[in-house]
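Student: Any chance you could fold what I've pasted below:
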Amino acid sequence: MQESEELAEIRRAVRALCDEFPGEYWREKDRTRDYPAEFVDALTRSGFLAALIPEEFGGSGLKLDAAAVIMEEIQASGCNGGAAHAQMYIMNTLLRYGSEEQKANYLPKIASGQLRLQAFGVSEPTSGTDTLSLKTRAVRDGDEYIVNGQKIWTSRAEHSDLMLLLARTKPRDQVEKRTEGLSIFLVDMREVVGKGMTIKPIRTMMNHSSCEVFFDDMRIPASALIGEEGKGFRYILSGMNAERILIAAECIGDAKWFIEKAKGYASEREVFSRPIGKNQGVQFPIARCYAQMRAAELMVHHAADVYDHGGNPGEEANMAKLLASEASWAAADMCVQTFGGFGFAEEYDVERKFREARLYTVAPISTNLILSYLSEHVLGLPRSY
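Tutor: Numbering: from 1, shown residues only. Reported below is the predicted structural model:
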């Protein structure tokens, strides 16, 4: 697939940075469940995490297609963009709906690395992807809001300075539309951890720094509100399209890594005095995964193009995420099968990347929810949930 020289140069620069963080680095972080702070700091210093921030605020002012290339190349190099990707995809909400004061106050500090915007508080234990049923409340009290509730799967909360928080500001039974009554806040976590906010890590099958976050009479200034009160759900929808496109790009990178890994091993590994890649039973699955990845890759770049030209890429973003996550998972499974027993050995990095890749058919939105969206909003079928 042809791309501009600008994107090709970004790809080369990301690869050069990632080469400084080989498999040994990631295996150690995975083993100890440590946050890859050194890697995130390097991405920040390079300006890659500020790609979408306008130049006037210290960023690069690039479009989503460039951000997609950055995230794809991180994964294709064997690194893990999940340690920092939220700063890319939740940036959209602040850029589009934040006040001039909020943008002037926070964006330069985020771009320089002085502040990290890595936490996105949306999902809750009782609502999951049914966002409109969330129960966390934010009640106005003079010049402050008092927040009570709980979030789950808020990754990187321990390693972020700022959190984008979605909370209900008007009871559900008092709004005309289900989508009303939710508001977005930019919370300075440095001011509230231990003072109404409690963070509890969740140990998972991959090192993703997932957490539960509890709010007990947490007070935040009214100036933390982004946009209009009660319009938060509409604000995050546009951000979710960017999120799905960028996650899809990461999946394409993972698929490329698995395919390259399997191709190299199949060419070198000899059994019965011949490379195993000579067998069609080995080479055909690799070729099929390559074709599946390339088709998904086209959808990802098409979705980014629609987004960058101001369109509403709901259909394209969801299809990109669906196809790319399935391509990634198919390639992961194929790679383990190609390596055989060695695929389970830590030193080859296959088992680590296999565990990491499994996440994206479930989160940040499950395959079934995407199919439901396409069925109802694209194909015109009756609502199924």
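Student: neighbouring contacts of the lengthiest strand in the chain?
Tutor: Ranked by residue count, the top strand of the chain under DSSP state E comes out as strand 211-221. For strand 211-221, the external contacting residues (Cβ atoms under 8 Å, 6 or more residues apart in numbering) are 119, 121, 125, 136, 138, 141, 143-158, 163, 185, 187-188, 191-192, 195-202. (Glycine included, C-beta is placed from N, CA and C.)
Student: Show me which of those are buried.
Tutor: Using 16 or more other Cβ atoms under 10 Å as the burial test, the contacts of strand 211-221 include 119, 121, 136, 138, 144-158, 163, 185, 187-188, 191-192, 196-199 as buried.
Student: Confirm for me that M91 is in contact with L52.
Tutor: Yes: using Cβ atoms under 8 Å, M91 is in contact with L52, at 5.1 Å.
Student: Burial check on the closest residue in space to D19 that isn't next to it in sequence, number of neighbours?
Tutor: In space, and not counting its chain neighbours, D19 is closest to S77: 7.0 Å by Cβ to Cβ, 6 or more residues apart in numbering. When counting by other Cβ atoms under 10 Å, one arrives at 20 neighbours for S77.
Student: show me the contacts for S77.
Tutor: So S77 contacts V14, R15, C18, D19, G253, W257 (Cβ under 8 Å, 6+ apart).
Student: With N241 instead?
Tutor: A303, Y307, N312, P313, G314, A317.
Student: Then A331?
Tutor: Contact analysis of A331 by Cβ under 8 Å, 6+ apart lists D254, A255, F258, I259, A262, C289, Q292, M293, A357.
Student: Low-confidence ranges, the stretch 51-200 of the chain, go.
Tutor: Within the stretch 51-200 of the chain, not a single segment meets pLDDT under 70.
Student: Which stretches in it count as helices?
Tutor: For the stretch 51-200 of the chain, the helices defined by DSSP state H, counting those that start in this stretch occupy 64-76, 86-89, 91-97, 100-112.
Student: Put together TSV for these, with mean neighbour count and distance to E9 on each row.
Tutor: Shown next, in TSV, are the helices of the stretch 51-200 of the chain (neighbours: other Cβ atoms under 10 Å; distance: least, Cβ to Cβ, whole Å):
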stretch	mean neighbour count	distance to E9
helix 64-76	26	10
helix 86-89	25	19
helix 91-97	20	22
helix 100-112	17	20
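Student: I'd like those as TSV, with distance to C335 appended.
Tutor: As requested, the helices of the stretch 51-200 of the chain are exported to TSV (distance: least, Cβ to Cβ, whole Å):
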stretch	distance to C335
helix 64-76	13
helix 86-89	26
helix 91-97	32
helix 100-112	36
